[in-house]
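> structure here, sequence nowhere to be found:
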């Protein structure tokens, strides 16, 4: 009888088989070599459905090593259901240490946020991406968006920003503000709030992006220019939280969540749960610095 | 002495050819006006146009007239890079001083030529405009492609162009889907001239419009021609449009030029049998 | 100096759609004109006067022969010249005024008249002012100046037609029946305008049936019969 290697109880380290890991790594290297360029990849089957973080998981499992310390957040929180499930999965498949502490982690997987705390050159930051194609909103067809990227023909993207400004008074209201990477490709930074976008620029850490459902990988190497798209007279700006502060710590300069309690009262709380915990315990927490944050003052 | 500058052309086209299908060496010999057919009997390939050659001088208006299947729209679409030519060459003076065949340039260079040096107005506004953007946004697209990233100046220029084409400026932020056919055409024209191109293609721009609307669009084109001195290639099956707009005319039949000359000469003293037929059929 | 020299000019019309019927328009025309001359072209209807003029203007393609024109850039054969050269000449040097006004729709009378001026006179108001002066001299009523000529009477259209040709002060003016359908007073005004042009150096070739016009206007006549010159006579 032929031994069934795939469905035996013992799994390969990090679940994915070595040949597939090799393929993903090669694609990641290509992505790092061409900042912002979307590289198609195999997007192998996972025990998690598409649309639930498979892209981020692919990248994590392809690059993780036994000594890595793994952290995963979902919209800033380490404790959300999906974050917990994925953390357990990775821990069981790799036997790695896991942590909530941003500074301790070597590999951080995230859904829709960058940590408030500064990242360093030892860290890999992995994004889960729903729609990797920033031009999808203005062009339905994949072969045309590929051509547009190839020829740097981004006029339609710009027009949609112009239209948004004309219609709503601001370039873009939602998350996932389009950016230009290394002065060449326009990239979708995943639906992170505008607050986080400046932290992609000239970072010490390596950013990797995985879109499992769309089967694309892309990357922003450390110390790379990442600039939000803006007009000469209509500029990018981060969310404005003036007048609000975190109700638990009183801190003002972080991305805040709006909470409504049962009695109807409105509170703001720092979104990044680890950062919140550290500030609450009066522990050391060094925040990112960028020109937009610096303008906020105290 | 001829007294003219033979080298002062703006656009020079030689042997422009477009064949669909798989032609063989006889295809061109078995099609054309003498055979009254575009279709090669041996290979069933279709000769949309063949051996089209002409010169266009700055500020001149060239009319291309012919009936369905004559290849007139094909010619401007080839020159505007909407399609790939099968054979032939074209040179544009403002591009590399007319030294490079633009039909063989790379995609990126063709886009540069299209954005900065050409304007195109289609018969159907949906071909030339993006109906998901506002009319101002459509013009903005052309301006942005030419490197203008200042919203204020984009809006100023778009307003000015809409005024020039007699589209109410207060509708600048409305989508073209809410405009009448004539106004959609005028927005198309505004967009086409946004970057002050030296060359403008007009492909059956008034066909299908009501007569009074047609008149307004034609007036606008004449005025723009007088004010801006843009060289134009006007494609129409309607000889009266050609008569109104163009200095010179070429007559196409089954994809070939059967006659070319001054417009009044073609209309009053046509030499070729087909031209005589066309002219005598004018209502 | 000869501004125009026509040698052995012939024009044969070949009508393919009428079974290749051939109609002779002009045969062996020899004729020359000095600069500043006013020559009258006379002859019965169908004798080829308009054909000759249209051959010079290149609306008709001559079948054989040559038309040598002393342009500002040198002598050029209008029969063989290429289209672009002709367009340039028509723009700057040679004006043709046909028998009837070819109506450009929806252009007011004033603008029709000064259309050619727009190309040289950048100030549109100045061009319009000159046009209005001319229309006033020609007796065209004020209320018609901004109207569209399509609804005008024959005489009114003719006045605009002539004004349009004269205002641009060309080197050569080819004019077909300038005084037909005009009353006596306007006839004189038009003739004076053309004579004024002549004084400024314009050479004029004029087709006319009207003896009074020919008497006052032309230096000599050229009579055509059946497409050939019948005999040149001094006025």
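Cool, got the structure. Owing to the predicted nature of the structure, the values given are computational and were not obtained by experimental measurement.
> residue ranges for the strands of the stretch 101-250 of chain A, please.
A:107-111, A:124-128, A:179-181, A:185-187, A:206-211, A:216-220, A:226-228 (DSSP state E, counting those that start in this stretch).
> and chain B, by the same measure?
B:11-20, B:46-56, B:61-66, B:87-92, B:118-121, B:199-203, B:231-236, B:248-253, B:256-262 (DSSP state E).
> what's the closest of those to residue C:168?
strand B:256-262 (18.6 Å; Cβ to Cβ). (Each C-beta comes from the backbone N, C-alpha and C, glycine too.)
> name every strand pairing with that closest one and say which way it goes.
strand B:248-253 (antiparallel) (DSSP bridges).
> thinking again about what came up before, CSV for the strands of chain B, including mean neighbour count?
Formatted as CSV, the strands of chain B follow (neighbours: other Cβ atoms under 10 Å in any protein chain shown):
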stretch, mean neighbour count
strand B:11-20, 20
strand B:46-56, 22
strand B:61-66, 26
strand B:87-92, 19
strand B:118-121, 25
strand B:199-203, 24
strand B:231-236, 24
strand B:248-253, 26
strand B:256-262, 21
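> any idea of the pLDDT on residue 80?
Using chain A. Per-residue pLDDT puts residue A:80 at 94.
> that's the other chain; I wanted chain C
Per-residue confidence (pLDDT) for residue C:80: 91.
> swap in the one 4 residues further on?
As summarised for this prediction, residue C:84 has a pLDDT of 89.
> list the residues that contact it.
If you count contacts by Cβ atoms under 8 Å, 6 or more residues apart in numbering or on different chains, residue C:84 has them with B:4, B:8, B:55, B:57, B:60.
> one more: residue B:26?
Counted by Cβ under 8 Å, 6+ apart, residue B:26 has contacts B:40, B:42.
> can you list the weak-confidence ranges in the stretch 151-298 of chain A?
For the stretch 151-298 of chain A, residues meeting the criterion pLDDT under 70 lie at A:297-298.
> run the last query once more with 80
Applying pLDDT under 80 to the stretch 151-298 of chain A flags the ranges A:172-174, A:297-298.
> one more: the stretch 1-150 of chain A?
Low-confidence regions of the stretch 1-150 of chain A, defined by pLDDT under 80, span residues A:1-10.
> can you name the residue of it nearest to chain C?
residue A:147 (38.7 Å; Cβ to the nearest Cβ).
> quick one, what contacts that residue?
Applying Cβ under 8 Å, 6+ apart, the residues contacting residue A:147 are A:153, B:107.
> could you measure it against residue B:132, distance?
Per Cβ to Cβ, to the nearest Å, residue A:147 is found 19 Å from residue B:132.
> which positions in chain C make contact with chain B?
Within reach of chain B by Cβ under 8 Å from any Cβ of the partner chain, chain C has these residues: C:13-17, C:54, C:58-61, C:71, C:73-76, C:81-88, C:104-106, C:118-119.
> tell me which of the contacts of residue C:84 has the lowest pLDDT.
Among these, residue B:4 has the lowest pLDDT, at 41.
> coming back round to it: now the strands of chain B as a markdown table including distance to residue B:105?
Listed next are the strands of chain B as a markdown table, based on distance: least, Cβ to Cβ, whole Å:
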| stretch | distance to residue B:105 |
| --- | --- |
| strand B:11-20 | 15 |
| strand B:46-56 | 19 |
| strand B:61-66 | 22 |
| strand B:87-92 | 10 |
| strand B:118-121 | 13 |
| strand B:199-203 | 16 |
| strand B:231-236 | 19 |
| strand B:248-253 | 25 |
| strand B:256-262 | 25 |
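> show me the domain layout of chain C.
C:2-93+C:170-234, C:103-168 (automatic domain parsing).
> first-to-last residue distance for the shortest one?
It refers to domain C:103-168. 18 Å (Cα to Cα, to the nearest Å).
> need the pLDDT of residue C:233.
Per the predicted model, pLDDT is 47 at residue C:233.
> where do the strands sit along chain C?
Remark: strands assigned in chain C by DSSP E are C:2-15, C:21-34, C:38-43, C:64-71, C:74-77, C:94-97, C:172-176, C:203-207, C:220-225, C:228-234.
> what packs against the fourth one?
This means strand C:64-71. In terms of contacts (3 or more Cβ pairs under 8 Å, 6 or more residues apart in numbering or on different chains; DSSP states H and E), strand C:64-71 is packed against strand C:2-15, helix C:49-57, strand C:74-77.
> just checking, what packs against the second one?
Using 3+ Cβ pairs under 8 Å, 6+ apart, the elements in contact with helix C:49-57 are strand C:2-15, strand C:21-34, strand C:38-43, strand C:64-71, strand C:94-97, strand C:172-176, strand C:203-207.
> next one: the last one
Contacts defined by 3+ Cβ pairs under 8 Å, 6+ apart place strand C:74-77 against strand C:64-71.
> and the strand it packs on, average pLDDT?
Averaging pLDDT along strand C:64-71 gives 92.
> what residues sit buried inside it?
For strand C:64-71, the neighbour count (16 or more other Cβ atoms under 10 Å in any protein chain shown) marks C:65, C:67-71 as buried.
> please apply the same query to stretch C:108-115.
Those would be C:109-115, for stretch C:108-115 by 16+ other Cβ under 10 Å.
> same question, stretch A:157-169
A:157-164, A:166.
> repeat that for stretch A:124-131.
A:124-130.
> can you add distance to residue B:235 and give those back as CSV?
Formatted as CSV, these follow (distance: Cβ to Cβ, whole Å):
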residue, distance to residue B:235
A:124, 58
A:125, 56
A:126, 55
A:127, 51
A:128, 52
A:129, 46
A:130, 46
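> can you tell me which of the residues you listed is nearest chain B?
Proximity of those to chain B (Cβ to the nearest Cβ) peaks at residue A:130, which lies at 22.0 Å.
> in contact with the closest one, which residues?
Residue A:130 makes contact with A:51, A:190-191, A:211, A:213, according to Cβ under 8 Å, 6+ apart.
> over to it: give its phi and psi.
Torsion angles at residue A:130 (phi, psi; degrees, to the nearest 10) stand at phi -80, psi -50.
> elements contacting the helix or strand residue A:274 falls within?
If you go by DSSP states H and E, residue A:274 is part of helix A:273-280. In this structure, helix A:273-280 packs against strand A:69-74, strand A:266-270, with contacts taken as 3+ Cβ pairs under 8 Å, 6+ apart.
> do that again at 7 Å, thanks
Counting contacts by 3 or more Cβ pairs under 7 Å, 6 or more residues apart in numbering or on different chains; DSSP states H and E, helix A:273-280 packs against strand A:266-270.
> give me the number of residues near the nearest residue to residue C:23 once chain neighbours are set aside?
Excluding the flanking residues, the one nearest residue C:23 by Cβ to Cβ, 6 or more residues apart in numbering or on different chains is residue C:13, at 4.3 Å. By other Cβ atoms under 10 Å in any protein chain shown, the residues close to residue C:13 number 16.
> in stretch A:275-288, what's buried?
Buried-residue list, stretch A:275-288, by 16+ other Cβ under 10 Å: A:275-279, A:285, A:287-288.
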